[in-house]
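**Student:** with the input below, show me the fold.
(4 chains)
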There are 2 protein chains.
Amino acid sequence: MNDHSYIEATPTVLKTKRPDTRNEVRREALRLFAERGYAAVSMRDIGEAVGVRQGAIYNHFASKQDLLADLMTGHMETLIEALDEALDGLDGPVARLAAFVRFHVGYHIDKPDDVFIAYMELRSLEPDHRQRVHALRNRYEAVLRGILTDGATQGAFRIPDIAVQTRAIIAMMTGVTVWYREGGRLGRRETIEGYVQMTMQSVGINDPAGGDK
Amino acid sequence: MNDHSYIEATPTVLKTKRPDTRNEVRREALRLFAERGYAAVSMRDIGEAVGVRQGAIYNHFASKQDLLADLMTGHMETLIEALDEALDGLDGPVARLAAFVRFHVGYHIDKPDDVFIAYMELRSLEPDHRQRVHALRNRYEAVLRGILTDGATQGAFRIPDIAVQTRAIIAMMTGVTVWYREGGRLGRRETIEGYVQMTMQSVGINDPAGGDK
DNA sequence: TCAATATATGAATGGTCGTTCATTCATGAC
DNA sequence: GTCATGAATGAACGACCATTCATATATTGA
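**Tutor:** You can find the predicted model right below:
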């Protein structure tokens, strides 16, 4: 349930070799794009990281642009699907908001490169692909906006402006990728619960329990 | 006081012509880097935007890398200086936190390209320059961390983890650049006060006045 | 076993990149 | 009027870019 990924893991022992170049390209391109930016990474760089010549990449992706679009739409679809799963069956704005935060922060801790690229490289996408990714992002935001609207309507939340607070909460949570490191001072669970409390307080809830854990 | 800028404005009528190419290059490079990213902008692009051939840029900046470093350090120094000014004479964590938010959000509304580049293009800087900019950013963050520490010590704030909350607040506020547009639904002042309230609530303060305005 | 298919190579394509440089031009000081 | 200075030009440089392609090699299904 915690293992959302559109890039299949390469089996370590299974069935002997057969290198899955397509997914290796995805993995290395993702890493390099996140590290240096789309424009600063060449097909040679990707090929070198994978262990093939640049020409071989074109057996799996039509172009560099196509590769980027594959990564971004793949990520966004996986993200939204996983969100639906995480909120499934939950009722009430307080519980749903806490679940949203736990999901979002957890996902961003686990897949920082994916989310960074989806945010940063929108500008590198050609219009068609960009519009598609943009629509997916709006769908994601709309879920949080819906939760905040419910909570504000019911009087559970104290919110100056729902649209602004939606983006403020997302920006706050997404920022976890800037500093979180595995093995750092704060563990995954502590970090997530910290964001839950901050978010709850930001909508005016000071319950020490921070919603139901 | 609201007009912090390390890129001198080109006078519109004063003293007749004499085009200040150096500052025109700064201005256009800043715009283009923010729009497309450092790696995706060529010296030819910048020259064209300014109205000179690419070679002329080298009369004013030693290299493309030097131009980026000039923009980033120029911005960071102006930012820190302006922050010091904004907090000058203010006492108490509540008042200082409100002033910090007003300053940060206001600055980010006014100079979105500067702050976006300073955040995004750190990776495009060679080690020396990067370290320098990084140190300036830490100094900036340290001011907010100090305010939160004071407030937590005095019992005015309710904060799960000061280091995390420092970054969470900065990320939340910085996100204003993603959506704010002049002439949009929310004006500059409303936007700023919205962030003040959200920030105050995020540290556990629910005073409807949102600190002293 | 053999043909079909998928994948990799290495060289080449035309373009664009950052940077350099000899030269020209305009300005202002003396 | 002369000259030094700062700034712009246009052409050139070697390097690297994304992409293509003929060819070679491996894997698969029948």
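**Student:** in terms of helices and strands, where is the spatially most central residue of chain A?
**Tutor:** Among the residues of chain A, A:Val115 comes closest to the average C-alpha position under CA atoms, centre = their mean, at 3.8 Å. When elements are defined using DSSP states H and E, A:Val115 is found to belong to helix A:112-120.
**Student:** packing partners for the helix or strand following that helix?
**Tutor:** As assigned by DSSP H and E, the chain's next helix or strand after helix A:112-120 is helix A:127-153. Using 3 or more CB pairs under 8 Å, 6 or more residues apart in numbering or on different chains; DSSP states H and E as the contact test, the elements touching helix A:127-153 are helix A:64-87, helix A:93-110, helix A:162-174. All C-beta spots, glycine's among them, are computed from the backbone N, C-alpha and C.
**Student:** give me the low-pLDDT residue ranges for chain A?
**Tutor:** A:1-3, A:9-18, A:208-213 (pLDDT under 70).
**Student:** what does it put close to DNA strand C?
**Tutor:** On the criterion CB under 7 Å from any atom of the strand, DNA strand C has as its neighbours in chain A the residues A:19, A:21-22, A:47, A:52-56, A:59-60.
**Student:** which of those count as buried?
**Tutor:** Applying a neighbour-count criterion of 16 or more other CB atoms under 10 Å in any protein chain shown, the buried members of the residues of chain A next to DNA strand C are A:21-22, A:47, A:52, A:60.
**Student:** check contacts around whichever residue of chain A sits closest to DNA strand C.
**Tutor:** As assessed by CB to the nearest atom of the strand, DNA strand C sits closest to A:Gly55 within chain A, at 2.7 Å. Residues in contact with A:Gly55 (CB atoms under 8 Å, 6 or more residues apart in numbering or on different chains) are A:Gly47.
**Student:** ok, the helix or strand containing it near DNA strand D or not?
**Tutor:** A:Gly55 belongs to helix A:54-57 when assigned by DSSP H and E. Yes - with CB under 7 Å from any atom of the strand as the criterion, DNA strand D is reached by helix A:54-57 at A:54-55.
**Student:** how far is that helix from where the chain is centred?
**Tutor:** Taking the mean C-alpha point of helix A:54-57 and that of its whole chain, the gap between them comes to 28 Å (CA atoms, centre = their mean, to the nearest Å).
**Student:** with just CA atoms, put stretch A:173-181 into PDB.
**Tutor:** What follows is the C-alpha trace of stretch A:173-181 in PDB, where atoms were taken according to Å, rounded to 0.1, in the frame of the first residue of the first chain:
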ATOM      1  CA  MET A 173       3.800  20.300   3.200                       C
ATOM      2  CA  THR A 174       5.700  20.000  -0.100                       C
ATOM      3  CA  GLY A 175       8.600  21.900   1.500                       C
ATOM      4  CA  VAL A 176       9.400  18.800   3.400                       C
ATOM      5  CA  THR A 177      11.500  17.600   0.400                       C
ATOM      6  CA  VAL A 178      13.900  20.500   1.000                       C
ATOM      7  CA  TRP A 179      15.200  19.300   4.300                       C
ATOM      8  CA  TYR A 180      14.000  15.800   5.100                       C
ATOM      9  CA  ARG A 181      16.800  13.200   4.900                       C
END
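**Student:** does that stretch reach chain B?
**Tutor:** Yes - contact check for stretch A:173-181 against chain B, using CB under 8 Å from any CB of the partner chain: residues in range are A:173-175, A:178-179.
**Student:** wouldn't A:Asp161 be in contact with B:Gly187 here?
**Tutor:** No - applying CB atoms under 8 Å as the test, A:Asp161 and B:Gly187 come out as separate, 11.7 Å apart.
**Student:** these two: who's more crowded?
**Tutor:** A:Asp161 (20 against 12; other CB atoms under 10 Å in any protein chain shown).
**Student:** using the three-state scheme, assign the closest residue to the more buried one other than its chain neighbours.
**Tutor:** With sequence-adjacent residues excluded and distances taken as CB to CB, 6 or more residues apart in numbering or on different chains, A:Asp161 is closest to B:Gly194, at 5.2 Å. For B:Gly194, the secondary-structure state derived from DSSP: H, G, I helix; E, B strand; the rest coil is helix.
**Student:** next, count neighbours for B:Gly194.
**Tutor:** By other CB under 10 Å, the residues close to B:Gly194 number 22.
**Student:** am I right that it is in contact with B:Leu186?
**Tutor:** Yes - with contacts defined as CB under 8 Å, B:Gly194 counts as touching B:Leu186 at a distance of 7.2 Å.
**Student:** overlap in contacts, those two.
**Tutor:** Common neighbours of B:Gly194 and B:Leu186, counting by CB under 8 Å, 6+ apart, are A:161, A:164.
**Student:** and chain A, which residues reach DNA strand D?
**Tutor:** Taking CB under 7 Å from any atom of the strand as the criterion, the contact residues of chain A with DNA strand D come out as A:17-18, A:41-45, A:54-55, A:58, A:62-65.
**Student:** related to what we said a few turns ago, and A:Ala152, which of the helices and strands packed on helix A:127-153 is closest to it?
**Tutor:** Counting by CB to CB, A:Ala152 lies closest to helix A:162-174 out of the helices and strands packed on helix A:127-153; the figure is 6.1 Å.
**Student:** next structured bit after the closest one?
**Tutor:** helix A:176-179.
**Student:** in that next one, what's buried?
**Tutor:** For helix A:176-179, the buried set under the neighbour-count rule, 16+ other CB under 10 Å, comprises A:176-177, A:179.
**Student:** return the closest of those residues with respect to A:Glu8.
**Tutor:** Closest approach to A:Glu8 among those (CB to CB): A:Thr177, at 23.1 Å.
**Student:** the closest one is in contact with A:Asp110, isn't it?
**Tutor:** No - no contact is recorded between A:Thr177 and A:Asp110 when judged using CB under 8 Å, the distance being 10.3 Å.
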